[in-house]
Structures are given as structure tokens and as C-alpha cells.
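>>> mind looking at a prediction? Sequence and model below.
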Amino acid sequence: MARFSGVMGRLVVGAVFVALLAGCVTTTDSRFAREADRDKAIRSYIELATAYLGQGNVERARVHLDRALELDNDSAEANAVLGLIQQSQGDMGLADASFQRALKSKPDYTRGRVFYGAFLFGQDRFTDAKVQFQRASQDSGYPERASVYFNLGMTEERLGNIEAAESAYLRSVDLSRGEVQSLLALSRVLVEQDEFEEAARYYSRLTSVMQRNPNMRHSPESLLTGIRIARHYNDRDRESSLALLLRNEYPESEEYKRYKVLISDVQ
């Protein structure tokens with residue numbers, strides 16, 4: 001069954017359409033044809049590298065990526081994937097340089113900026129990650145903009161900016177039309193700010209989505225969030241039901257430990 005987890009962007013490589021002209025081919029036409037073929041080859045190698053990387057086959061991914069880089073060492077897309085490969089191998093300094101090289105080559109490469117922001121977040125460089133996610137969020141044409149705002153919300157939380165995190169999560173909810181991770185994160189930060197009426201509203205949307213999808217089940221985080229809302233409204237039946245799930249399914253979780261502290265404080 002599916003549970004809630006972090007959001008990570010996927011590399012999408014655009015298709016290249018090459019016009020094949022019949023008849024006599026001039027020198028200029030030949031040059032453009034060669035350039036088009038070269039661009040198509042680069043994209044094909046990047047697609048293969050990305051597919052292998054997604055399967056965990058780093059060696060095969062690197063083989064195809066090296067071919068792309070041989071054709072264009074400044075390719076922003078290739079350097080971004082190189083950064084992902086180096087990151088997966090623990091070469092953080094090299095990965096950082098590759099991401100920066102990608103963005104220097106193509107400053108408007110939003111997906112590469114998202115990759116770099118995620119890398120920086122993983123290195124606990126939250127201020128730097130925030131810069132990358134903020135810039136990525138400004139690209140109104142980026143197809144995964146909701147995920148960018150979700151990542152920005154997580155980053156703002158790590159920086160202690162709860163109101164800014166709430167704003168980012170709300171934007172993610174609006175853009176995704178109610179994606180479960182965004183609904184949960186927004187509900188949780190609203191609870192943390194004692195905004196229980198709004199928290200209950202978004203949490204209700206979350207549970208409605210879950211009820212429509214039999215493959216979804218509660219995470220420890222969603223259970224504790226629901227428990228805190230139920231306690232605020234003195235809904236003891238709801239609290240007991242969620243607490244039982246938390247105890248039975250996640251007895252070793254941090255959320256269950258926090259719940260036990262919560263009820264011991266009242267007692």
C-alpha cells in the first residue's frame with residue numbers, strides 16, 4: 001500500500017523533431033542536419049542515462065551520460081544528471097560542481113534548479129536550497145510547480161519559518177488540486193500554529209482523498225496530526241481510533257512517542 005513520502009522531480013527530456021528534406025542538400029542544410037542529429041543523440045543518451053539511474057544501475061547510466069557529454073560537455077541537462085549520479089555515489093563536492101555548471105550553462109533550466117535545491121536540502125544547506133526553490137517556483141510554465149512549493153515549504157520549516165512554510169504548502173495544495181502530501185503538510189503546520197479550524201478543514205480533504213483510494217493508508221505523521229485535531233475538539237472516539245492505529249502499526253515511530261508524551265502531560 002502507498003504511504004506518503006517526499007517529493008522528487010523526474011527528468012523529462014523534450015522530443016526533437018528533425019525535418020528530412022528531399023532533393024538536393026546544400027552545405028548549409030547538411031550542417032543543420034548534422035546539428036539536429038547531434039542534439040537528438042544527446043537527448044537519447046540522457047534519456048537512457050536517466051532510465052538506468054532510475055533503475056539503480058549507475059554504471060550503465062554513466063556510460064550513456066559520458067557519450068552525451070562527449071558530444072556537448074556544456075549540456076545543462078547532461079551536467080544535471082551527472083550531478084545526480086555523483087550524488088548517488090557520495091561524491092558531494094563533484095555533484096555540487098556539476099549542478100552549478102548546469103545552471104551556469106542554462107540559468108532558466110528549472111528542473112536542474114530543482115535537482116540542485118534537493119541536493120542542497122540533503123546537505124542541510126537550507127538557506128541555499130531555499131534560494132533554488134524560490135527561483136524555480138517563479139517558472140509559471142514548469143509542470144511540477146506544486147512539488148517545488150512543497151519542497152520550499154519543507155525548507156522553510158527547517159529554517160524555522162513556519163508562516164512561510166504554511167504559505168508554500170497552501171500554494172502547493174492549490175496547484176496540485178489537493179495532493180495528499182501537501183494537504184498533510186499544510187494540516188500539520190496549521191496545527192502547530194493552533195489554527196485548528198483551518199487544519200481540520202484540510203485534514204478532512206486529506207482523509208476524503210484516502211477513502212477514495214484503497215491503496216493509501218495513514219502514515220505516523222497523518223495519524224498524529226489527526227489525533228491532535230481530535231483532541232482539540234474533544235472528539236474522543238476519533239482520537240482513540242487514530243491512536244490505536246498509531247500504536248498497532250507504528251509502535252516504534254517518533255510520532256507514537258510524541259503521542260505518549262502528549263497524553264502524559266494531560267494526566
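Received, thanks. Numbering: from 1, shown residues only.
>>> alpha carbons only for contacts and neighbour counts from here, please
Will do.
>>> now do the same contact list for residue 187.
By Cα atoms under 8 Å, 6 or more residues apart in numbering, residue 187 lies in contact with 198, 199, 200, 202, 203, 225.
>>> helices of the stretch 51-200 of the chain, start to end?
Secondary structure of the stretch 51-200 of the chain (DSSP state H, counting those that start in this stretch): helices at 58-71, 76-88, 92-105, 110-122, 126-137, 145-158, 162-176, 180-192, 196-212.
>>> state the pair within the contacts of residue 187 that is farthest apart.
Maximum pairwise distance in the contacts of residue 187, criterion Cα to Cα, is 12.7 Å, between 198 and 225.
>>> higher neighbour count, those two?
Higher neighbour count among residue 198 and residue 225: residue 225, with 24 against 14, using other Cα atoms under 10 Å.
>>> okay, and residue 41 sits in which element?
helix 27-54 (DSSP states H and E).
>>> got the angle for that helix vs helix 76-88?
Using axes from the mean of the first three to the mean of the last three Cα atoms, to 10 degrees, the inter-axis angle of helix 27-54 relative to helix 76-88 is 20 degrees.
>>> I'd like to know which elements helix 27-54 is packed against.
Secondary-structure packing of helix 27-54 (3 or more Cα pairs under 8 Å, 6 or more residues apart in numbering; DSSP states H and E): helix 58-71, helix 76-88.
>>> and this structure, what are its domains?
Annotated domains of the chain cover 37-107, 120-177, 179-266 [the TED database].
>>> now do the end-to-end distance for the shortest one.
Meaning domain 120-177. 28 Å (Cα to Cα, to the nearest Å).
>>> and stretch 245-264, by the same measure?
Start-to-end, stretch 245-264 (Cα to Cα) is 19 Å.
>>> relative to residue 210, how far out is the residue lying closest to residue 247 once chain neighbours are set aside?
The shortest distance from residue 247 to any non-neighbouring residue, by Cα to Cα, 6 or more residues apart in numbering, is to residue 256 (6.5 Å). Using Cα to Cα, residue 256 is found at 21 Å from residue 210.
>>> rewinding a little: deepest of the helices and strands packed on helix 27-54, which one?
helix 76-88 (a mean of 24; mean count of other Cα atoms under 10 Å).
>>> so which residues make contact with that one?
Taking Cα under 8 Å, 6+ apart as the rule, helix 76-88 contacts 46, 49-50, 53, 58, 61-62, 65, 68-69, 73, 92, 94-99, 101-103, 105-106, 109, 112, 115, 119.
>>> mind checking which of those are buried?
In these, burial by neighbour count holds for 46, 49-50, 53, 58, 61-62, 65, 68-69, 92, 95-96, 98-99, 101-103, 106, 109, 112, 115, 119, counting by 16 or more other Cα atoms under 10 Å.
>>> next, format the contacts of residue 187 as CSV and append pLDDT and distance to residue 88.
Below are those laid out as CSV (pLDDT from 0 to 100; distance: Cα to Cα, whole Å):
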residue, pLDDT, distance to residue 88
198, 97, 39
199, 98, 37
200, 98, 39
202, 98, 36
203, 98, 35
225, 98, 33
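>>> which of residue 256 and residue 210 has more residues huddled nearby?
residue 256 (22 against 15).
>>> and that one, what pLDDT?
You'll see residue 256 listed with a pLDDT of 96.
>>> from the contact counts, what lies against the one helix or strand it maps to?
According to DSSP H and E, residue 256 maps onto helix 254-266. Packed against helix 254-266, as judged by 3+ Cα pairs under 8 Å, 6+ apart, are the following elements: helix 220-232.
>>> return the set of buried residues in the helix it packs on.
Counting neighbours by 16+ other Cα under 10 Å, the buried set in helix 220-232 is 220, 221, 222, 223, 224, 225, 226, 227, 228, 229, 230, 232.
>>> with stretch 173-186 instead?
173, 175, 176, 178, 179, 180, 181, 182, 183, 184, 185, 186.
>>> nice, that's everything, thank you.
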